[in-house]
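**Student:** Okay, here's the prediction I keep looking at, along with the sequence it came from:
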Amino acid sequence: MFFLEPLIEVETAQGRIGYGPVLAADVASLFDAGLLDGGAHALRIGKPEDHPFLAPQTRLTFARCGIIDPLSLADYEAHDGWKGLKRAIAIGPQAIVAEVTKSGLRGRGGAGFPTGIKWKTVADTQADRKYVVCNFDEGDSGTFADRMIGEGDPFALIEGMTICGIGVGATKGYVYCRSNIPMPGRHSRKRCESRGRRAFLAPIF
């Protein structure tokens, strides 16, 4: 939705009210118009969920982004966090892989490779130790999915990696990201240690 970016959302008594696209030169007039109370302004779009571009869409990946405190476990759980992990524990590794395969889930990196095939290959491989590595780097042009999850819903990343670990038999997980996106690293693991100037591997479990 680049045509409305940068988009400001303000929590008001009427709900979340959006303004966009906002330039630095617009800030003073927005405050003069009562931005914090959802006041009328030429850039006011109303509730983002009612906007014609967003109204027919169902938010899945980013459903909690911008809604919860990204560092609050209680907030995450109050918005359906950990439900997937609890179910995964209940059904077990084989059923996890089978369900991911049946879902048709594919990778988001461009190739669209079926996730179920990846997970089954790892699950069927004999090894002393298996790892889950999350490629958190936004190396593809115009993709911002990883950064949004890391900044707005980091426990979802940890939950997903844990489900994967149970499914494939991995006992250790790492998140890879570069130093150009430091906030997701801090949110996903407060004690991430940079290993080199360009990138780090942050242990998750």
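**Tutor:** Cool, the structure landed. Because the structure is a prediction, the values reported are computed rather than measured.
**Student:** strands paired with the longest strand seen in the chain, and their directions?
**Tutor:** The longest strand of the chain (DSSP state E) is strand 172-178. Strands adjacent to strand 172-178 in the sheet, as given by DSSP bridges, are strand 131-135 (parallel), strand 199-203 (antiparallel).
**Student:** Which one of those has the poorest average confidence?
**Tutor:** With a mean of 47, strand 199-203 has the lowest mean pLDDT of the strands paired with strand 172-178.
**Student:** tell me the helices in this structure, going along the chain?
**Tutor:** Remark: helices assigned in the chain by DSSP state H are 27-32, 73-78, 83-91, 93-103, 115-124, 145-152, 154-168, 182-188.
**Student:** right, and the ones you listed - which one's nearest A13?
**Tutor:** A13 lies closest to helix 27-32 among these, at 17.8 Å (Cβ to Cβ). In short, each C-beta sits where N, CA and C put it, glycine included.
**Student:** what does the closest one contact?
**Tutor:** 8, 19, 22, 41, 43 (Cβ atoms under 8 Å, 6 or more residues apart in numbering).
**Student:** Is it possible to get TSV of those residues that adds pLDDT, distance to I91 and neighbour count?
**Tutor:** Below are the contacts of helix 27-32 laid out as TSV (pLDDT from 0 to 100; distance: Cβ to Cβ, whole Å; neighbours: other Cβ atoms under 10 Å):
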residue	pLDDT	distance to I91	neighbour count
I8	95	42	17
Y19	97	44	24
V22	97	46	18
H41	97	50	18
L43	97	48	18
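**Student:** Save those as CSV, and put in distance to H79 too.
**Tutor:** Below are those laid out as CSV (distance: Cβ to Cβ, whole Å):
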residue, distance to H79
I8, 22
Y19, 24
V22, 27
H41, 30
L43, 29
